[in-house]
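Peer 1: Requesting a structural model of the entry that follows:
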Amino acid sequence: MPPAEHSLTSLSATGETVHGPAVFATTHWSVVLEAQGESPAAQEALEKLCRTYWRPIYGYVRRHGVGAEDAEDLTQGFFALLLERKDLNTVRKEKGRLRSYLLASVKHFLADESRHAMAVKRGKGQRLIPFDDIREGERIEAERCDRLTADQIYERRWAFTVLEQVMARLREEYRSAGNVRFFDQMKKMLMDEPDRPSQAQVATEFGMTENAVKQAFYRFRQRYQTLLREEIAQTVAMPGDVENELRHLIAVVRT
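Peer 2: Reported below is the predicted structural model:
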């Protein structure tokens, strides 16, 4: 079982309910929609979302046969035009989900040759999206991506971007508390990695009882679940959409 699938399997079995208003009060996507992209806060929120979720768009463009360099320019240009246009009417049609909105937008964008050409020009010299580490990741994914459609690549990269954001947030919490090494061991246990330690090994390493390690791992997993729902909440318009997006993400990762 792949690591992410293992962790999501345990997540989906918890039966936890999400407390909508508490999680949802100031999410990035809700800020964007409420202001329709016009306020400085909405613009900042939309830029943050673009910086976070550019990988699915880049993967979609590449799967359409675009070379790496042109795909980078197109992706930069796509987001530059998106930020300038501030046209979010499509969101209503796409049920208010950033994932669906971006996919519909990039499909329309690639079908529009004039906009396509304009984006290539605008993409050159843009610094909105950090492409520094993309090529190594592309080599790793190349074989699998050859068997997937552009839509499937988009969905998988979306899902794994969400999971990466969650784990980065959780790591930062442990780093702030000076517990990065403990985080690393908890992560190995959560993701069921090949070199994962036993609870007894963790107890010995950190001078804890096995029961204390068991409780610490339970708290780690619960916090991971909470942060995952919070991350998903950043990308939907309504609190009630969080659970649907979570189920969708789990299904995508398992395929």
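
Peer 1: show me what contacts residue 215?
Peer 2: Not one residue lies near residue 215 by CB atoms under 8 Å, 6 or more residues apart in numbering. Every C-beta, even on glycine, is put in place using the N, C-alpha and C of the backbone.

Peer 1: Recalculate using a threshold of 10 Å.
Peer 2: Counting by CB atoms under 10 Å, 6 or more residues apart in numbering, residue 215 makes contact with 208-209.

Peer 1: next one: phi and psi at it?
Peer 2: Backbone dihedrals for residue 215, given as degrees, to the nearest 10, come out at phi -70, psi -40.

Peer 1: What of residue 236?
Peer 2: Torsion angles at residue 236 (phi, psi; degrees, to the nearest 10) stand at phi -130, psi 160.

Peer 1: and it, how many residues sit next to it?
Peer 2: Residue 236 has 24 neighbours, counted by other CB atoms under 10 Å.

Peer 1: I figured it was touching residue 32, is that so?
Peer 2: No. Using CB atoms under 10 Å, residue 236 makes no contact with residue 32, being 11.5 Å away.

Peer 1: Now do the shared contacts for those two.
Peer 2: Taking CB under 10 Å, 6+ apart as the contact rule, residue 236 and residue 32 both touch residue 98.

Peer 1: would you put the C-alpha positions of whichever strand or helix holds residue 72 in PDB?
Peer 2: Assessed by DSSP states H and E, residue 72 sits inside helix 68-85. Only the C-alpha atoms of helix 68-85 are listed here, as PDB (Å, rounded to 0.1, in the frame of the first residue of the first chain):
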ATOM      1  CA  ALA A  68       9.100  21.800 -20.300                       C
ATOM      2  CA  GLU A  69      10.200  25.400 -20.900                       C
ATOM      3  CA  ASP A  70       7.100  26.400 -22.800                       C
ATOM      4  CA  ALA A  71       4.900  24.700 -20.200                       C
ATOM      5  CA  GLU A  72       6.600  26.800 -17.500                       C
ATOM      6  CA  ASP A  73       5.900  30.000 -19.500                       C
ATOM      7  CA  LEU A  74       2.400  28.900 -20.100                       C
ATOM      8  CA  THR A  75       1.800  28.100 -16.400                       C
ATOM      9  CA  GLN A  76       3.200  31.400 -15.300                       C
ATOM     10  CA  GLY A  77       1.200  33.300 -18.000                       C
ATOM     11  CA  PHE A  78      -2.000  31.400 -17.100                       C
ATOM     12  CA  PHE A  79      -1.800  32.500 -13.500                       C
ATOM     13  CA  ALA A  80      -0.800  36.000 -14.400                       C
ATOM     14  CA  LEU A  81      -3.900  36.300 -16.600                       C
ATOM     15  CA  LEU A  82      -6.000  34.700 -14.000                       C
ATOM     16  CA  LEU A  83      -4.800  37.300 -11.400                       C
ATOM     17  CA  GLU A  84      -5.400  40.200 -13.800                       C
ATOM     18  CA  ARG A  85      -8.800  39.000 -15.100                       C
END
